[in-house]
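Need a 3D model of the sequence below.
(one chain, ligands or ions: 1)
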Amino acid sequence: MSGFPVAPAAREAARRGLADAEPRVFWTSQAGRPAIREPLTEIDRVCDLAIIGAGFTGLWAAIQAKEEDPALDVVVLDQGRVGDGASGRNGGFVDPSLTHGLHQGVSTWPDEIGTLEAMAAENFDGWRESLERYGIEADFHLPGEITMSVVPHHDEAVREAYELHAAHGGDVALLSREEAYARVHSPLFRTGFLDRQVGLVDPARLAWGLAEAAESLGVRIHELSKVTGFEDGGGGSGAVVIKTDSGTLLAERVVLGTGAWPVLNRTRFYVLPVYDHVLMTEPLTSAQLAEIGWEGREGLADAGNQFHYYRRTLDDRILFGGYDANYHFPGRIDPTLEQSESHTLLAEHFFSIFPQLDGLRFTHRWGGVIDTTSRFTPMFGTAMRGKVAYAVGYTGLGVGSTRWGARVALDLAFGRDTERTRLAMVRSKPIPFPPEPVRSIGVRLTRASLAREDVTGRRNLWLRGLDKVGIGFDS
Ligand SMILES: Cc1cc2nc3c(=O)[nH]c(=O)nc-3n(C[C@H](O)[C@H](O)[C@H](O)COP(=O)(O)OP(=O)(O)OC[C@H]3O[C@@H](n4cnc5c(N)ncnc54)[C@H](O)[C@@H]3O)c2cc1C
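As a prediction, this is how the structure comes out:
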């Protein structure tokens, strides 16, 4: 059951539009990708801080650790290339929220939301200042994001989102049908909620720039260095022994920014790897641009449970992603899963939103794996007598918040008691997902129920039950 209104002509437009799309990530295929960094080959190389994962979490952890203490010897290991995980293949929406949006924050941490919002604003300022300080050219701009209503029962959700943000002092506006259409011409848009605090970035250039910034501070980054095991206190030194296929590292402290990959057994029950899919079009001609308006280049999303996110890039392509969130039994992560029938569905939805763009071609189609928790916010914790700290589970909203998540992980790894580590959001764990095969059955039932709600506007018994115990499924 699809809650999204597909126009009949969109099916044929989608088939033609996808015919030549290359199965690779647009962002990381661009010119300017740095040369490969050498894998770790040393045996028993000693360092103060090892960071596993060269995505945003790992890179921000490296930068902030060196900013705090330039004398620290910091080494980053990644199984692939910098930004190859979710960080280099996402939509590039930079939302200041640390809580998967204000509504989630208010309902899950009503007592802490003020502190979380203040920390979010401080983090967003720090994020932007760091890009400037290190000269990271990642096309960051701040056009805001509009959440569009595309079916009647979205109208109320859009208005409620506006009212909640307005009550919390957000820089927001509620757009009528005419105002929404004046910004972006789609026959489907009914009303819109504009949040002017959301920015857009080129995520791969951001990851590459952060890696260079870390190196400029003296951090060593090794790519193609998959961590295959940890040992506590190996060799009698008390350090954590980290093994890769070609080397070993002895680290006093370790930060894990490994996203959806289950490096520690204990995170397997809390973090679900969920595939999300994305399309990128060729650059639009000036005639095509005139057909759609969108001069403000706002980030767009629609208001359903299963929602799309889309943006007009600075070189006038359209990125279009989201909607399906695909979990593969029993938590499989595999590059073959990046290509999917979800791309066809996305293309059909794209031409339903923009029928006037019939004839436009997609140049790239890709997928990425999202680290999903049952409460949509990251999970923090420590292992091995507190020497290893992790920050994983951003559930599709980590471009901005990973900088803050990295800081929490550093606090935990160095045993610091801070305002951040005292937060319930940091101290408590989300409700774990059940083991397989119940997990897959639960995901299927939840997805079907969410899709049904998108059609009917009503939450069924299953979803209301999950709401009661505080479990959700999102990407
Ligand atoms: C398709 C898609 C669209 C998204 N859109 C948005 C968006 O518009 N806005 C937003 O805020 N968020 C978005 N997100 C989420 C956002 O991209 C993530 O929250 C964020 O990038 C997480 O960063 P990370 O560093 O924690 O994880 P990752 O970027 O996934 O990095 C984890 C790294 O760990 C490495 N690793 C894993 N296991 C090992 C091992 N054993 N040894 C060595 N290295 C290992 C991986 O190779 C990887 O590089 C999206 C995600 C996806 C997939």
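
could you measure Lys97 against the ligand, distance?
No Lys there; residue 97 is Ser. Distance of Ser97 to the ligand, computed by Cβ to the nearest ligand atom, to the nearest Å: 9 Å. From N, CA and C alone the C-beta is placed, and that goes for glycine too.

Now that residue: which helix or strand?
Using DSSP states H and E, Ser97 falls within no helix or strand.

burial count for it?
Neighbourhood size, Ser97 [other Cβ atoms under 10 Å]: 22.

And it, how close does it get to Val198?
Taking Cβ to Cβ, to the nearest Å as the measure, Ser97 falls 9 Å from Val198.

The nearest residue to Ser440 once chain neighbours are set aside in helix, strand or coil?
Nearest non-adjacent residue to Ser440, counting by Cβ to Cβ, 6 or more residues apart in numbering: Phe329, 4.7 Å away. What DSSP: H, G, I helix; E, B strand; the rest coil gives for Phe329 is coil.

list the contacts for Phe329?
436-437, 440 (Cβ atoms under 8 Å, 6 or more residues apart in numbering).

for the host helix or strand of Leu49, packing partners?
If you go by DSSP H and E, Leu49 is part of strand 45-52. Secondary-structure packing of strand 45-52 (3 or more Cβ pairs under 8 Å, 6 or more residues apart in numbering; DSSP states H and E): helix 56-68, strand 74-77, strand 240-244, strand 248-256.

Let's see if you can find the most crowded of the contacts of Phe329.
Counting neighbours by other Cβ under 10 Å, the top entry in the contacts of Phe329 is Ser440, with 16 neighbours.

Could you list the low-confidence segments of the stretch 301-450 of the chain?
Along the stretch 301-450 of the chain, no part satisfies pLDDT under 70.

Neighbours of Asp467, how many?
12.

confidence score at it?
Looking at Asp467, its pLDDT reads 80.

ok, for it, nearest residue in space, not its chain neighbours?
Arg459 (7.3 Å).

Equivalent analysis for Lys387, please.
Per Cβ to Cβ, 6+ apart, closest to Lys387 is Val240, 5.3 Å.

which SSE is the residue of the stretch 201-350 of the chain at minimum distance from the ligand in?
When scored by Cβ to the nearest ligand atom, the stretch 201-350 of the chain has Gly259 as its residue closest to the ligand, at 2.8 Å. Here Gly259, judged by DSSP H and E, is contained in no helix and no strand.

pretty sure it contacts Gly55?
Yes. Counting by Cβ atoms under 8 Å, Gly259 does reach Gly55; the two are 5.9 Å apart.

Going by how many neighbours each has, rank those two and give me the top one.
The neighbour comparison of Gly259 against Gly55 (other Cβ under 10 Å) goes to Gly259, with 29 against 26.

so what's the more buried one up against?
With Cβ under 8 Å, 6+ apart, Gly259 has these contacts: 53, 55, 57, 85-87, 369, 371, 392, 394.

and with 6 Å instead?
55, 85-86, 371 (Cβ atoms under 6 Å, 6 or more residues apart in numbering).

Would you quantify the distance from it to Arg196?
To Arg196, Gly259 is 29 Å away according to Cβ to Cβ.

And for Arg317?
Relative to Arg196, and taking Cβ to Cβ, Arg317 is found at 23 Å.

Asp95 now?
Distance, Asp95 to Arg196, by Cβ to Cβ: 12 Å.

Also Ile370?
From Ile370 over to Arg196 the distance is 26 Å, taken as Cβ to Cβ.

what's the answer for Gly368, then?
Gly368 sits 27 Å away from Arg196, going by Cβ to Cβ.

Up against the ligand, what does the stretch 201-350 of the chain have?
Proximity of the stretch 201-350 of the chain to the ligand (Cβ under 6 Å from any ligand atom) is limited to residues 226-227, 257-259, 261, 263, 276, 278, 309, 321.

Can you classify Met280 as helix, strand or coil?
strand.

What's opposite it in the beta bridge?
Leu319, His364 (DSSP bridges).

List the contacts of it.
Neighbour list for Met280: 26, 317, 319, 363-364 [criterion: Cβ under 6 Å, 6+ apart].

Widest-spaced pair of those?
Leu319 and Thr363 (10.9 Å; Cβ to Cβ).

Name the residue in these two with the higher neighbour count.
Per other Cβ under 10 Å, whichever of Leu319 and Thr363 has more neighbours is Leu319, with 22 against 16.

if I look at that one, how far off is His277?
Leu319 is 12 Å from His277, by Cβ to Cβ.

Break this protein down into its domains, please.
What automatic domain parsing lists as the domains of the chain is 8-30+145-196+272-372, 45-131+203-270+375-427, 438-469.

Deepest-packed of those domains, please.
Scoring the domains of the chain by mean neighbour count under mean count of other Cβ atoms under 10 Å gives domain 45-131+203-270+375-427 as the most buried, with a mean of 21.

next one: it to chain centre, how far?
Chain-centre distance of domain 45-131+203-270+375-427: 14 Å, with Cα atoms, centre = their mean, to the nearest Å.

Can you get me the start-to-end distance on that domain?
Length of domain 45-131+203-270+375-427, first residue to last, Cα to Cα, to the nearest Å: 33 Å.

Check the secondary structure at Leu210 for me.
helix.

Just give the closest residue to it, not the sequence neighbours.
When the adjacent residues along the chain are set aside, Leu210 lies closest to Leu59, with 3.9 Å between them (Cβ to Cβ, 6+ apart).

Who are the contact partners of the one you found?
Leu59 makes contact with 210-211, 214, according to Cβ under 6 Å, 6+ apart.

what do you get for Gln306?
Applying Cβ under 6 Å, 6+ apart, the residues contacting Gln306 are 323, 454.

again, but for Asp78
Neighbouring residues of Asp78 by Cβ under 6 Å, 6+ apart: 54, 223.

what's the answer for Ala54, then?
Applying Cβ under 6 Å, 6+ apart, the residues contacting Ala54 are 76, 78, 82.

So it belongs to a helix, correct?
No. Applying three-state DSSP, one finds Ala54 to be coil, outside a helix.

Pull up the gap between it and Val106, please.
Counting by Cβ to Cβ - Ala54 and Val106 are separated by 34 Å.

next one: Val172
Here Val172 is placed at a distance of 15 Å from Val106 (Cβ to Cβ).

about what we covered before: looking at the domains of the chain, which is closest to Glu38?
domain 45-131+203-270+375-427 (6.4 Å).

list the contacts for the nearest residue to Ala211 once chain neighbours are set aside?
In space, and not counting its chain neighbours, Ala211 is closest to Val82: 4.5 Å by Cβ to Cβ, 6+ apart. Applying Cβ under 6 Å, 6+ apart to Val82 gives the contacts 54, 207, 211.

now do 8 Å
34, 37, 54, 59, 88, 207-208, 211, 221, 223.

what's the helix or strand for it?
Per DSSP H and E: Val82 is located in neither a helix nor a strand.

what's the distance between it and Val278?
Distance, Val82 to Val278, by Cβ to Cβ: 19 Å.

all strands in the stretch 151-300 of the chain, in order from the N-terminus.
Along the stretch 151-300 of the chain, counting by DSSP state E, counting those that start in this stretch, strands occupy 172-175, 192-195, 199-200, 220-222, 227-231, 240-244, 248-256, 272-281, 299-302.
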